[in-house]
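[1] below: sequence and its predicted model.
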Amino acid sequence: MRQIILILSIAATFFIGYAVAGISTFLYGSGRKDLILIGLLGGISCSILALMLWKKLVIPRSTENRKDKRNIRQP
């Protein structure tokens, strides 16, 4: 599951790069709004999905391990 979250995070960075590239084309006079739209939609959707999966699946598992270790008393 962590690999899926990693891939989604990398994809979000990739899509945000597309949005930045679309914005930078306006500096050269040939603005491409489609790159900005694709980049923002893809980046935001991938990042939201990665955060939802992280909160749902990874964080509860790590907090359970900490609670279990705290409850064990050593003599």
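    That came through fine. Numbering: from 1, shown residues only.

[2] tell me where the protein has helices.
    Secondary structure of the chain by DSSP state H: the helices cover 2-24, 33-53, 59-71.

[3] reformat those helices as TSV; add mean pLDDT and mean neighbour count.
    Placement of C-beta: from N, CA and C, glycine included. Shown next, in TSV, are the helices of the chain (pLDDT from 0 to 100; neighbours: other C-beta atoms under 10 Å):
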stretch	mean pLDDT	mean neighbour count
helix 2-24	94	15
helix 33-53	94	16
helix 59-71	59	9
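
[4] contact partners for the residue nearest to Ala11 when sequence neighbours are not counted?
    Using C-beta to C-beta, 6 or more residues apart in numbering and skipping residues adjacent in sequence, the residue nearest Ala11 is Cys46, 4.5 Å away. By C-beta atoms under 8 Å, 6 or more residues apart in numbering, the residues touching Cys46 are Leu8, Ser9, Ala11, Ala12, Phe15.

[5] measure the nearest residue to Ala50 once chain neighbours are set aside to Phe26 for me?
    Leaving out its chain neighbours, the residue that sits closest to Ala50 by C-beta to C-beta, 6+ apart is Leu8, at 3.8 Å. As judged by C-beta to C-beta, to the nearest Å, Leu8 and Phe26 stand 28 Å apart.
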